[in-house]
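Peer 1: Based on what follows, work out the 3D shape:
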Amino acid sequence: MSYTLTINDESRVVDVDADTPLLWVLRDVLGMTGTKYGCGMALCGACTVHMNGAATRSCLTPVEVAVGKSITTIEAIHNTEAGRAVQKAWLDLDVVQCGYCQSGQIMSATALLAQTPAPSDEQIRAGMAGNICRCGTYDRIHAAIKQAARLIPIRKET
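Peer 2: Alright, predicted model coming up:
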């Protein structure tokens, strides 16, 4: 079947089965390989994308569920204020070791900061729960989220 998806603010038409996971549509059909396959069971977070701004595990999300929603992948996260801040903090604090989980980590951190601009330590732990880093860079990830939060300008309500 043919589905029209909005990915990174661009309309894309794909011809796949309704139950095809969004991850495979992104990677295999559209060639967007920044989103990673980790476990295939939505347990590790490597496949995280944003769907209408919420961190979503794409490995178990059927493509038919994504129709009509705005999908953002790691390839376009720099287009958001939170995304730029997170990426800068990741580089400043040298978070990455092997790098495999990092696109999912960045997507979850960006969704967290978009919802909670100045998160507490507990909010960071809760927001990042389910994102596994096999290299164990959790302390650096946590510190980078704190730094990114400080980089995002505070908006005043008018």
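Peer 1: residues touching V25, list them.
Peer 2: L5, V14, V16, V63, A66 (C-beta atoms under 8 Å, 6 or more residues apart in numbering). Heads up, the C-betas are built off the backbone N, CA and C, glycines and all.
Peer 1: Let's have the residues you listed in TSV, adding distance to I74.
Peer 2: Below are the contacts of V25 laid out as TSV (distance: C-beta to C-beta, whole Å):
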residue	distance to I74
L5	16
V14	19
V16	21
V63	19
A66	16
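Peer 1: Restricted to strands, list the residues you listed.
Peer 2: Among those, DSSP state E puts L5, V14 in strands.
Peer 1: between the contacts of V25, which is nearest L23?
Peer 2: Comparing those against L23 with C-beta to C-beta picks out V63 as the nearest, at 9.7 Å.
Peer 1: At the geometric centre of the chain, which residue do we find?
Peer 2: M107 (2.1 Å; C-alpha atoms, centre = their mean).
Peer 1: Flag every buried residue along the helix or strand containing it.
Peer 2: Per DSSP states H and E: M107 is located in helix 102-115. The neighbour-count check on helix 102-115 (16 or more other C-beta atoms under 10 Å) flags 102-114 as buried.
Peer 1: Output the contacting helices and strands for the following helix or strand past that helix.
Peer 2: As assigned by DSSP H and E, the chain's next helix or strand after helix 102-115 is helix 121-128. Applying 3 or more C-beta pairs under 8 Å, 6 or more residues apart in numbering; DSSP states H and E, we find helix 121-128 packed against helix 102-115, helix 138-151.
Peer 1: Mind putting those into TSV with mean pLDDT?
Peer 2: Listed next are those as TSV, based on pLDDT from 0 to 100:
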stretch	mean pLDDT
helix 102-115	97
helix 138-151	97
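Peer 1: so can I have CSV of those helices showing distance to Y37?
Peer 2: Written out in CSV, the entries for the helices and strands packed on helix 121-128 read as follows (distance: least, C-beta to C-beta, whole Å):
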stretch, distance to Y37
helix 102-115, 10
helix 138-151, 20
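Peer 1: where does the protein dip in pLDDT?
Peer 2: Applying pLDDT under 70 to the chain picks out residues 154-158.
Peer 1: How is it partitioned into domains?
Peer 2: With automatic domain parsing as the criterion, the domains of the chain are listed as 2-76, 78-151.
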